[in-house]
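Undergrad: can't give you the sequence, but here's the structure:
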């Protein structure tokens, strides 16, 4: 079964993602720091990433992921209310981008597409 890491600090949005992703195994964390801890011990088929997090930003987490061995293979789906960071995220190789507020059916289509896609090499 595919495993998704959700990095989202808004409880309502996180709950929405969890309900929508019921058919997938998923882990929810509310900070980039907690995500880093999870990434040390587990590999994920997809990371759903909010950019605006309390301490370390999602963008810094993405940059960190990309510097790790095989980090370019990690599939990342960014969901943000801020389109200004989209070019930077695309330069870092995100597979998908969605602007909040999301349409849940479009969200699920994108998740289904990317979680089942084989890892790619840069």
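TA: Thanks, I have the structure now. Values in this document were obtained by computation on a predicted structure and should not be read as measured data. Numbering: from 1, shown residues only.
Undergrad: residue ranges of the strands in the protein, please?
TA: Remark: strands assigned in the chain by DSSP state E are 3-7, 25-29, 46-49, 76-80, 96-99.
Undergrad: out of those, which is closest to residue 15?
TA: strand 25-29 (8.9 Å; CB to CB). Where you see a C-beta, it was placed from the backbone N, CA and C, and this is true even at glycine.
Undergrad: give me the contacts around the closest one.
TA: Applying CB atoms under 8 Å, 6 or more residues apart in numbering, the external contacts of strand 25-29 come out as 1-8, 14, 17-18, 35, 37-38, 42, 44.
Undergrad: just the buried residues of those residues.
TA: 2, 4, 5, 6, 7, 8, 14, 17, 18, 35, 38, 44 (16 or more other CB atoms under 10 Å).
Undergrad: turn those into a markdown table, columns for distance to residue 51 and pLDDT.
TA: Below are those laid out as a markdown table (distance: CB to CB, whole Å; pLDDT from 0 to 100):
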| residue | distance to residue 51 | pLDDT |
| --- | --- | --- |
| 2 | 23 | 89 |
| 4 | 17 | 97 |
| 5 | 15 | 98 |
| 6 | 14 | 98 |
| 7 | 9 | 98 |
| 8 | 10 | 97 |
| 14 | 15 | 96 |
| 17 | 15 | 96 |
| 18 | 19 | 96 |
| 35 | 12 | 97 |
| 38 | 18 | 96 |
| 44 | 18 | 94 |
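Undergrad: among these, which one sits closest to residue 85?
TA: Nearest member of these to residue 85, counting by CB to CB, is residue 7, at 14.7 Å.
Undergrad: give the contact list for residue 21.
TA: 4, 6, 111.
Undergrad: okay then, goodbye and thanks.
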